[in-house]
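Trainee: this is a predicted model, with the sequence first.
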Amino acid sequence: MTGHRVGDMLETSLTSMELPGFEIGQKAAAMVIDSIEADDKHKPAVQHLTFSATLAERESTE
């Protein structure tokens, strides 16, 4: 996740999904700030978000 190459430290690197960790963190922080700053009568609605992920194929796929 977020560019960390945990798979590179293993004897056989594992195929994994790469997630946009920075983007997820930015959105989470903005949602928390919005919730804190909103008055009690107008709290933000619950959001269901989708972020794109990419398959990082490594040795375990072969």
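Mentor: Yes, it's here.

Trainee: what packs against the lowest-mean-pLDDT helix or strand in the chain?
Mentor: One helix or strand of the chain scores below all others by mean pLDDT, DSSP states H and E: strand 16-18, with a mean of 88. In terms of contacts (3 or more C-beta pairs under 8 Å, 6 or more residues apart in numbering; DSSP states H and E), strand 16-18 is packed against strand 54-56. C-betas here are computed from N, CA, C, even on glycine.

Trainee: what are the ranges of the helices in this structure?
Mentor: For the chain, the helices defined by DSSP state H occupy 21-37.

Trainee: any stretches of it with poor pLDDT?
Mentor: 1-10, 62 (pLDDT under 70).

Trainee: residue contacts, the residue sitting furthest away from the middle of the chain?
Mentor: Here the chain reaches farthest from its C-alpha mean at residue 41, the gap being 30.1 Å by C-alpha atoms, centre = their mean. Not one residue lies near residue 41 by C-beta atoms under 8 Å, 6 or more residues apart in numbering.

Trainee: direction included, what does the least confident helix or strand of the chain pair up with?
Mentor: strand 54-56 (antiparallel) (DSSP bridges).

Trainee: contact partners of the partner strand?
Mentor: 7, 15-18.

Trainee: and these, which two are furthest apart?
Mentor: The distance between the two most remote of these (C-beta to C-beta) is 11.3 Å, for 7 and 17.

Trainee: what about these two, which has more around it?
Mentor: With neighbours defined as other C-beta atoms under 10 Å, residue 7 and residue 17 compare such that residue 7 has more, 15 against 9.
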